[in-house]
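Peer 1: Pasting the sequence and the predicted coordinates here, then a few questions.
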Amino acid sequence: MYKRSSLLLLMFIIIFCGINNVNVFAKSKGEGKPPKSVCVEEFEKEWKKFDNVVLKDIVKSYKLDLSGYQEFKHSDLNLKVGDNLNDHSDKISLQHLFVGYSIGSMRLFLENGLEGTKGYFLYKRNDGNNILKELHKKGEVWVVMSVYEKKAVRFYLKPFNWNKCTEN
């Protein structure tokens with residue numbers, strides 16, 4: 001009788017543990033790949049940090065003080081539907097600066113914004129050298145007055161592992 005009850009108890013334990021093993025080995029949601037949107041946010045944070053390191057290197061190499069200067073992106077210079085070209089020659093004269101390649105973003109800083117008369121266009125060339133273009137406003141048009149180049153260290157953005165993300 002003792003053998004039968006032991007055997008019955010052992011079978012009950014094996015069946016009970018076998019059923020619970022399914023739950024123990026099931027994948028939880030936390031172990032899967034994060035959605036692509038999470039990875040995009042993570043990449044954007046990394047890019048902004050990298051972009052700021054590049055800017056600090058350029059500003060330091062030229063000992064610039066950008067207080068009082070307003071930063072403009074290329075998209076800030078785009079005209080809207082219905083804008084008169086003659087009324088925005090200042091914006092149009094700046095757009096050509098953003099053509100080409102750079103390490104990090106090309107950065108435009110204008111003293112007192114578009115209403116000012118002085119500005120800087122900064123970027124790190126692909127070979128690592130820092131470029132500064134000094135701008136002055138002549139009438140309604142911005143003109144590059146001087147171009148300076150300084151030898152500098154080439155920076156590399158750490159590769160991002162997109163395979164760790166889900167496809168959608």
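Peer 2: Good, I have the coordinates. These figures come from a predicted structure and were not determined experimentally. Numbering: from 1, shown residues only.
Peer 1: Strands of this structure, start to end?
Peer 2: 69-72, 103-111, 118-124, 130-138, 141-150 (DSSP state E).
Peer 1: Name the residues of the shortest one that are buried.
Peer 2: Read it as strand 69-72. Tyr69, Gln70, Phe72 (16 or more other Cβ atoms under 10 Å). All C-beta atoms are positioned from the backbone trio N, CA, C, and that covers glycine.
Peer 1: same for that strand, what does it pack against?
Peer 2: Under the contact definition 3 or more Cβ pairs under 8 Å, 6 or more residues apart in numbering; DSSP states H and E, strand 69-72 sits against strand 103-111.
Peer 1: The strand it packs on: how far from the chain's middle?
Peer 2: What separates the centre of strand 103-111 from the centre of its chain is 14 Å, taken as Cα atoms, centre = their mean, to the nearest Å.
Peer 1: cool, and stretch 141-159?
Peer 2: 18 Å.
Peer 1: Lys48: neighbour count?
Peer 2: 11 (other Cβ atoms under 10 Å).
Peer 1: Who are the contact partners of the residue most central in space within the chain?
Peer 2: Taking Cα atoms, centre = their mean, the centroid of the chain lies closest to Trp47, which sits 2.9 Å from it. Neighbouring residues of Trp47 by Cβ atoms under 8 Å, 6 or more residues apart in numbering: Leu157.
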